[in-house]
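[1] for reference, the sequence and a predicted model appear below.
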Amino acid sequence: MNNISFPRLGIHLKLDNVAFSLFGFDIYWYALCITTGIVLAYIYCILMGKKQGLPSDTFTDILLVGIPLGIIGARLYYVLFNLEYYLNHPGEIFAIRNGGLAIYGAIIFAVLGAFIYLKKKKINVFKVFDICVIGLLIGQTLGRWGNFFNQEAFGTNTELLWGMTGDKIKEYLVILEGKGINVNPELPVHPTFLYESLWNLTGIILLHSFSKKKSFDGQIFTLYIIWYGFGRMLIEGLRTDSLMFMGLRISQIIGLASLLAGIILYTVLKNRRKVNE
């Protein structure tokens, strides 16, 4: 059991990152959070797709393509930006049960796979993507709670009322402190997993509401890119476990790139609609 607490709120919990065992195989809370998110996202896409005349099979096929590609992309992304470590420990490259998945890698690979599939099937890509990205936000919102059970994806020390701490958090901060990083293992930290989960939840509400009156295909997709990229860019600045490249936080770079790309694509698609009117 691991201690997790929000001391200034008087909340103290004892949690295990293993939810239960099935036939001698441990089922982790992290996996349950992600799986629940995927299931709810799939249900959402099916329901919204029916309203727009899209067959359920389309979203089933995207799911079957996206899940394996997402796992591959998430792991490949993480390994590439920790290349020195994995070159010295090649046997751990495929040990994903030990952690090491990056959401950006999952999104990039899953979106590319879905794009290729829809193009081959001659299905309107942006019409489908407008639905799928809200499903993706549902998965991301719930998936971040897996980080809570694992005591990961947290930020720097904070005096805010909702600051959190825990056994694993303290252990990690001790390592950072030993490297000369200005952190205090005895003080609470920003629950950045919660910030991102709430940011994504807000995105679900806003984009779903806006989707009812969208004016062109791809509008919700591009707004998702802008929304998530901007939020991740800000929240990543608080984290202590960012993947780095040349002294810069990779997720902040990609967040900024997503924000700019989303704005450009939104403008292009909007102008294309005006030309075709």
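    Thanks, I have the structure now.
[2] so who does the nearest residue to Leu269 once chain neighbours are set aside touch?
    Excluding its sequence neighbours, the residue lying closest to Leu269 (CB to CB, 6 or more residues apart in numbering) is Gly218, at 4.3 Å. Where C-beta positions appear, they are placed from N, C-alpha and C, glycine not excepted. By CB atoms under 8 Å, 6 or more residues apart in numbering, Gly218 lies in contact with Phe126, Phe129, Asp130, Leu265, Tyr266, Leu269.
[3] give me that answer again for 10 Å
    124-127, 129-130, 265-266, 268-270, 272-273 (CB atoms under 10 Å, 6 or more residues apart in numbering).
[4] can you flag the buried ones in the residues you listed?
    By neighbour count, with 16 or more other CB atoms under 10 Å, the contacts of Gly218 hold Val125, Phe126, Lys127, Phe129, Asp130, Leu265, Tyr266, Leu269 as buried.
[5] where's Ile107, which helix or strand?
    helix 103-120 (DSSP states H and E).
[6] what's the spacing between the closest residue to Leu112 other than its chain neighbours and Asp26?
    Using CB to CB, 6+ apart and skipping the chain neighbours, the partner closest in space to Leu112 is Leu69 (7.4 Å). Separation of Leu69 from Asp26 (CB to CB, to the nearest Å): 25 Å.
[7] between those two, who's got more neighbours?
    Leu69 (20 against 13; other CB atoms under 10 Å).
[8] I figured that one hits Ala110, correct?
    Yes - between Leu69 and Ala110 there is a contact at 5.4 Å, judged by CB atoms under 10 Å.
[9] just to revisit the earlier point, phi, psi of the residue nearest to Leu112?
    Phi and psi for Leu69, reported as degrees, to the nearest 10, are phi -70, psi -40.
[10] what segments of the stretch 101-250 of the chain are strands?
    Taking DSSP state E, counting those that start in this stretch as the criterion, the stretch 101-250 of the chain carries its strands at 165-166, 244-245, 248-249.
[11] tell me what angle the helix or strand just after the last one forms with helix 103-120.
    For strand 248-249, the following helix or strand on the C-terminal side (DSSP H and E) is helix 250-276. Taking axes from the mean of the first three to the mean of the last three CA atoms, to 10 degrees, one finds helix 250-276 and helix 103-120 inclined to each other by 30 degrees.
[12] buried sites along helix 250-276?
    Those would be Ile250, Ser251, Gln252, Ile254, Gly255, Ser258, Leu259, Gly262, Leu265, Tyr266, Leu269, for helix 250-276 by 16+ other CB under 10 Å.
[13] how about the nearest residue to Phe193 once chain neighbours are set aside, what does it touch?
    Leaving aside its chain neighbours, Phe193 sits nearest to Asn147 (4.0 Å; criterion: CB to CB, 6+ apart). Residues counted as contacts of Asn147 (CB under 10 Å, 6+ apart) are Tyr30, Cys33, Ala153, Phe154, Pro191, Thr192, Phe193, Leu194, Glu196, Ser197.
[14] residues contacting Met233?
    Arg249, Ser251, Gln252, Ile253, Ile254, Gly255, Leu256, Ala257, Ser258, Leu259.
[15] now with 6 Å?
    Counting by CB atoms under 6 Å, 6 or more residues apart in numbering, Met233 makes contact with Gln252, Gly255, Leu256.
[16] now what about stretch 185-200, what contacts it?
    Applying CB under 6 Å, 6+ apart, the external contacts of stretch 185-200 come out as 137, 140-141, 144, 147-148, 153-155, 157-158, 163-165, 170, 173-174, 231, 235, 238-239.
[17] low-confidence stretches in the stretch 1-150 of the chain?
    Low-confidence segments of the stretch 1-150 of the chain, defined by pLDDT under 70: 97-99.
[18] can you show me the helices along it?
    Under the criterion DSSP state H, counting those that start in this stretch, the stretch 1-150 of the chain contains helices at 29-51, 56-80, 83-88, 103-120, 125-150.
[19] out of those helices, which is the most enclosed?
    helix 125-150 (a mean of 23; mean count of other CB atoms under 10 Å).
[20] and the angle for it with helix 56-80?
    Angle of helix 125-150 versus helix 56-80, following the same axes, to 10 degrees, is 50 degrees.
[21] so how far is helix 125-150 off the chain centroid?
    On the basis of CA atoms, centre = their mean, to the nearest Å, helix 125-150 sits 7 Å off its chain's mean C-alpha point.
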